[in-house]
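> Please work out how this folds:
(2 chains)
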Amino acid sequence: QKEVEQNSGPLSVPEGAIASLNCTYSDRVSQSFFWYRQYSGKSPELIMSIYSNGDKEDGRFTAQLNKASQYVSLLIRDSQPSDSATYLCAVNRGLTGGGNKLTFGTGTQLKVEL
Amino acid sequence: SQTIHQWPATLVQPVGSPLSLECTVEGTSNPNLYWYRQAAGRGLQLLFYSVGIGQISSEVPQNLSASRPQDRQFILSSKKLLLSDSGFYLCAWRGQLIQFFGPGTRLTVL
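Numbers count the residues shown, from 1 in each chain, chains lettered A, B, ... in the order given. Alright, predicted model coming up:
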């Protein structure tokens, strides 16, 4: 079982619709969760972070966390063509000697169609 | 504000040649620094991390090495590149719990 799993997609949604991206993780002790957006040929940029069970909203984005089910999701409302990108789910854990490690899923490709 | 630089942006190297990629961070002190590689069709793989000058931890065995000669400088090196070293190399620094990525170096080994 992969540490962080995502459906690779592509996930196609029409402009203005809600895009729902899902992620599951295997390490029960993980406490911090992140969603990054990566445009083709570019580096990942942080969209959302979530640390507690429930929903966290930021503009058109909502992150949802369910630690009991080991499940994180990202909802994008009113999807725009500029949202077309690969979305990476990342899960944090501490490292011996200090620092922390983000384990990434392979990403879900989102296509927002006109 | 913090800024992270990587160079070069693009690199094409022959198999067996050496490699040196540099990463520098501005606007913060004593950051945790990371090197990741993203190969085609694969996720981001953590290669090395550093919590301070001269402190390097390796996540996976490979023919790459890393060094941190200064507080805000992180270098990725290889003595002899392999075809499998091709990929997108990303440097990152940690601010509290969040990691921020540099612009990356795309390496093609021929």
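
> Show me the residue at the heart of chain B, geometrically.
Note on chain B: the residue nearest the mean C-alpha position is residue B:35, at 3.4 Å, using Cα atoms, centre = their mean.

> Now do the same contact list for that residue.
Residue B:35 is in contact with B:23, B:46-49, B:66, B:74, B:76, B:89-91, counting by Cβ atoms under 8 Å, 6 or more residues apart in numbering or on different chains. C-beta: built from backbone N, CA, C; applies to glycine.

> Highest neighbour count among those?
Most neighbours among these, by other Cβ atoms under 10 Å in any protein chain shown: residue B:74, with 29 neighbours.

> Could you list the buried residues of the helix or strand harbouring residue A:72?
Residue A:72 is located in strand A:71-76, with elements delineated by DSSP states H and E. Neighbour-count burial for strand A:71-76 flags A:72-76 (criterion: 16 or more other Cβ atoms under 10 Å in any protein chain shown).

> Repeat that for stretch A:14-21.
So stretch A:14-21, judged by 16+ other Cβ under 10 Å, has buried residues A:19, A:21.

> swap in stretch A:105-114?
For stretch A:105-114, the neighbour count (16+ other Cβ under 10 Å) marks A:105-110, A:112 as buried.

> Out of these, which comes closest to residue A:88?
For residue A:88, the nearest member of the buried residues of stretch A:105-114 is residue A:107. The distance, counting by Cβ to Cβ, is 4.6 Å.
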